[in-house]
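**Q** 3D, please:
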Amino acid sequence: MITETQLKAMLTQLENKIVQLQEHSVELGGAVQRLEREKVALLESNKDLRKKLRELPKKLLSKGDSFTLPTKNGNVVKDNQAGAADNTELKQKLDEYIREIEQVIAHLSTLS
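**A** The predicted structure follows:
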């Protein structure tokens, strides 16, 4: 048989656990509300970014008339009358710029 003292001790423990669960529930509720606000903000940001992304091709087309792509990038380096070491350095920089531009184009392609 359980004595009255043991029963009171068990009841006290149960009450303490209930209080802890209530506190934990309040904390979790606050976290859920914070995450929901963050979700709404991220969805808005995503919506704005998608809108900007849809506008980019239009901007590029409108600016496309003023920008012409050189047919041969090597001509820029060949026309330079500096030393061979300078030409090599220019070619390396030009190749690096081209790689960066290709990466940006690839990144923009994945966003659409």
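
**Q** and the helices in the chain?
**A** 4-63, 74-78, 84-111 (DSSP state H).

**Q** so of those, which one's packed in deepest?
**A** With neighbours defined as mean count of other C-beta atoms under 10 Å, the helices of the chain peak in mean count at helix 74-78, which reaches a mean of 12. All C-beta spots, glycine's among them, are computed from the backbone N, C-alpha and C.

**Q** E96 versus E89, what's the distance?
**A** Separation of E89 from E96 (C-beta to C-beta, to the nearest Å): 11 Å.

**Q** low-confidence ranges, this structure, go.
**A** Residue ranges of the chain with pLDDT under 70: 63-84, 112.

**Q** domains of it?
**A** Domain segmentation of the chain under automatic domain parsing yields 1-67, 69-112.

**Q** centre-most residue in the chain?
**A** N46 (9.9 Å; C-alpha atoms, centre = their mean).

**Q** and it, how far from E36?
**A** Counting by C-beta to C-beta, the gap from N46 to E36 is 15 Å.

**Q** try Q6
**A** To E36, Q6 is 45 Å away according to C-beta to C-beta.

**Q** ok, I98 next?
**A** Distance, I98 to E36, using C-beta to C-beta: 45 Å.

**Q** and for M10?
**A** 39 Å.

**Q** same deal with N16?
**A** N16 is 31 Å from E36, by C-beta to C-beta.

**Q** ditto for L90
**A** On the measure of C-beta to C-beta, L90 and E36 end up 54 Å apart.

**Q** kindly report the same for D86.
**A** 59 Å.

**Q** same deal with E89?
**A** Counting by C-beta to C-beta, the gap from E89 to E36 is 54 Å.
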